[in-house]
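Asker: Need a 3D model of the sequence below.
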Amino acid sequence: ADIGFPADVLAPSDYQLLPLFAETATECGWRTLNWVESARETALHTGGFSVSLLTSETSHTERAKAYSAGKNWVGREWVVYRISMIEEECENALSLLADCITGTDFSDTRRLQDIATELRNDIDASVIPDGHDFAALRAKRLLSRAKAVDEIWNGLTALYALHRYAEDDISKTAEALRVMLSALRKGGAFVHVTAEQSGIDGFTRLLPAFIARVSLTAPAPAYAAASDDFFALTAIDGKGDERYGEVLMTSAQVGFAAACIRSSPYGSRESAAQEVCAHWLSNTLLWERLRTIGGAYGAFCYTEALSDSLVFATYRDPTPERSVDVFNACLAEGAQMLLDTEAAERAITGCYSNFIQPKSPRARGSSGLLRTLYAINDDDREEKMRALLSLTPQELQHAFALLRDFAAEQSKRVIICGQNVKATGKMTILPL
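Answerer: Sure, this is the predicted structure:
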C-alpha cells in the first residue's frame, strides 16, 4: 500500500531536507516506541516499511491533457509512505502506519544524528561507483522542474545538503523535520494499493477508519513556485564558464562524462525512431569508439521521451573530457548511414524488447500508479509501440539527422574526473 502526500505544498527551499526526512520518517520511533521497538514491530507485522520521494515528467499529449483536466493531483511531487504486508496482517500493518504518520516527532536526536551522518557517508561513497548517474542528473537539471527536483533529491545537490545537515545543530534539524511532517499531513494525500481482489476488499473495509485516524483529505493546491526557484537550488559554486560544461573533480583516477540534448516531442514518430537510434548507438558505435577504442568501462545513451531529451553517459572513463565530442561525432556518422533492412529490424526488435519485459505484480502496481499520477496514457503508449514496429531505415536516418542538429544547437555537458584532467568549463572540487 502507498500513502502519498504532496511534497509541493512545501516551499522550494524545503526540498533539500526531504531526502533526510524520507530516510528518518520511519527510523526514529513513534509514540511510546523507540526506534528499536518500532523496527521490531515493523518486522513482525509487515514485509517492509519505507518512505520514498517521487517525481516525474508529465505527458503532454492531447489525451494526457484531457485526462489531466480538473485533476489537481496530476504532475506533482510526492512523499510516499510504502508498506507491504500479507492479508492477515493488514489491520496491524495499517495501525503501525497510522502510528508512524501521526506519532513521529523526531525527538531522538541521537538516532537522527546517526542517520544523517550515515546518509552523508553513503552518498559520498556512491559518487565514484555511480558517477555516470550523478553526471547525467547534473546534465539534465535545467531541462524542467521535474529534472531539477530529481537532482535536488538524488544528485550532487543532495550531497552538499546532506553534508550540511550532518554538521548542523541536530536539534534545529529535528524541529525542521517536525514542521515539515505537519505541513505534509495538512496537504492531503492519495491512497494506492496493489493486491489480489480479496486483499483489496479487506483493505477497503479498513480504509475509512485509517483515513479518519490519520485525518487524510484530498490533496491541497501546490505552493506557488517557478521552475527557476528549483534551478537555483541546483547551482554549485565553482570557477569558470558553465557554457563550456561543468567539471566536477574528485581524487579518483577514472572519470565519467554525460551530455543531454533535445529530442523530438513524445508521441511523434520521430520520438519513437530516436529511441531506436539511442539503442543502436549504445550497442554499436558508442561501444566501439568509447569502450573498445577509448577504454571506458561503459558508454550508452537513452531517450527520456516525456522530457523530450536524449542523455549520453560514460562509465569509468579514462578520458571523459573527450567523450562528449565522440558522442557528437557518432550522431553525425549515424545521420550519414542508411541501415539495411535487416540491421534496422534488429535495432527495432532490441528496442521493442525493452518495453515488453515481464513485471512482478508489485512492479505492475508501481507502474500503474506512476502512469496515473503523470497522465501517461495507455493509448499513447500503444501508438508508440505501433510506430516503433513500423519504422523504416530512412526514418531512422532522419531521426539521427535531427539528433545531430539538436546536439549542434545546444548540449549540456558534465564530467566527473580526477584533478589532473585538463578540461574547460566551470570547475568544482567535490567535498568527498
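Asker: Check the secondary structure at the spatially most central residue of the chain for me.
Answerer: Centre of the chain computed as the mean C-alpha position; nearest residue by C-alpha atoms, centre = their mean is residue 150, 5.1 Å away. Assigned by DSSP: H, G, I helix; E, B strand; the rest coil, the conformation of residue 150 is helix.
Asker: My understanding was that it contacts residue 140; is that so?
Answerer: Yes: with contact defined as C-beta atoms under 8 Å, residue 150 reaches residue 140; the gap is 7.3 Å. To be clear about C-beta, it is placed using only N, CA and C from the backbone, and glycine gets the same treatment.
Asker: what ranges do the strands span in this structure?
Answerer: Along the chain, counting by DSSP state E, strands occupy 2-6, 48-54, 78-84, 190-192, 246-250, 256-262, 298-304, 309-315, 412-418, 426-429.
Asker: partners of the third one in the sheet?
Answerer: With DSSP bridges as the test, strand 78-84 is paired with strand 2-6 (antiparallel), strand 48-54 (antiparallel).
Asker: Switch the ones you listed over to a markdown table; also include distance to residue 254, mean neighbour count and mean pLDDT.
Answerer: Converted to a markdown table, the strands paired with strand 78-84 look like this (distance: least, C-beta to C-beta, whole Å; neighbours: other C-beta atoms under 10 Å; pLDDT from 0 to 100):
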| stretch | distance to residue 254 | mean neighbour count | mean pLDDT |
| --- | --- | --- | --- |
| strand 2-6 | 38 | 23 | 97 |
| strand 48-54 | 29 | 17 | 96 |
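Asker: Looking at those, which is nearest to residue 366?
Answerer: Nearest of the strands paired with strand 78-84 to residue 366, taken as C-beta to C-beta: strand 2-6 at 8.4 Å.
Asker: My read is that residue 318 contacts residue 295, right?
Answerer: Yes: assessed by C-beta under 8 Å, residue 318 is found in contact with residue 295 at 4.9 Å.
Asker: So between the two, which is more surrounded?
Answerer: Applying other C-beta atoms under 10 Å to residue 318 and residue 295 shows that residue 318 carries more neighbours, namely 17 against 12.
Asker: Please list all residues in contact with the more buried one.
Answerer: Contacts for residue 318 (C-beta atoms under 8 Å, 6 or more residues apart in numbering) come out as 254, 255, 294, 295, 296.
Asker: And the spatially closest residue to residue 431 that is not a sequence neighbour, how close does it get to residue 351?
Answerer: Leaving aside its sequence neighbours, residue 431 sits nearest to residue 163 (C-beta to C-beta, 6 or more residues apart in numbering; 6.1 Å). From residue 163 across to residue 351, the span is 40 Å (C-beta to C-beta, to the nearest Å).
Asker: Kindly report the same for residue 29.
Answerer: 48 Å.
Asker: Can you verify my assumption that residue 412 contacts residue 257?
Answerer: No: here residue 412 lies out of contact with residue 257, judged by C-beta under 8 Å, at a distance of 11.8 Å.
Asker: Among the two, which residue is more densely surrounded?
Answerer: More crowded of residue 412 and residue 257, by other C-beta under 10 Å: residue 257, with 33 against 21.
Asker: Report pLDDT for that one.
Answerer: With respect to pLDDT, residue 257 has a value of 95.
Asker: Quick one: residues contacting it.
Answerer: Listed by C-beta under 8 Å, 6+ apart, the contact partners of residue 257 are 135, 312, 313, 314, 317, 320, 321, 323, 324, 413, 414, 415.
Asker: Pairing-wise in the sheet, spell out the partners of it.
Answerer: Beta bridges link residue 257 to residue 415, judged by DSSP bridges.
Asker: now it: how far from residue 347?
Answerer: Taking C-beta to C-beta, one finds residue 257 at 24 Å from residue 347.
Asker: what's the pLDDT at residue 241?
Answerer: On the pLDDT scale, residue 241 is placed at 63.
Asker: Kindly report the same for residue 420.
Answerer: Taking residue 420 on its own, its pLDDT is 81.
Asker: Could I get the phi/psi values of it?
Answerer: The phi and psi torsions at residue 420 (degrees, to the nearest 10) take the values phi -90, psi -10.
Asker: Count the neighbours of it for me.
Answerer: 7.
Asker: hang on, the earlier thing: just the closest of the contacts of residue 257 to residue 370, please.
Answerer: For the contacts of residue 257, the nearest to residue 370 is residue 313 (22.8 Å; C-beta to C-beta).
Asker: Which strand residues bridge that closest one?
Answerer: Here residue 313 sits in beta bridges with residue 258, residue 300, going by DSSP bridges.
Asker: for it, what are its contacts?
Answerer: 132, 133, 135, 136, 256, 257, 258, 259, 299, 300, 301.
Asker: Give me the neighbour count for the fourth one.
Answerer: By the measure other C-beta under 10 Å, the count of residues near residue 136 is 25.
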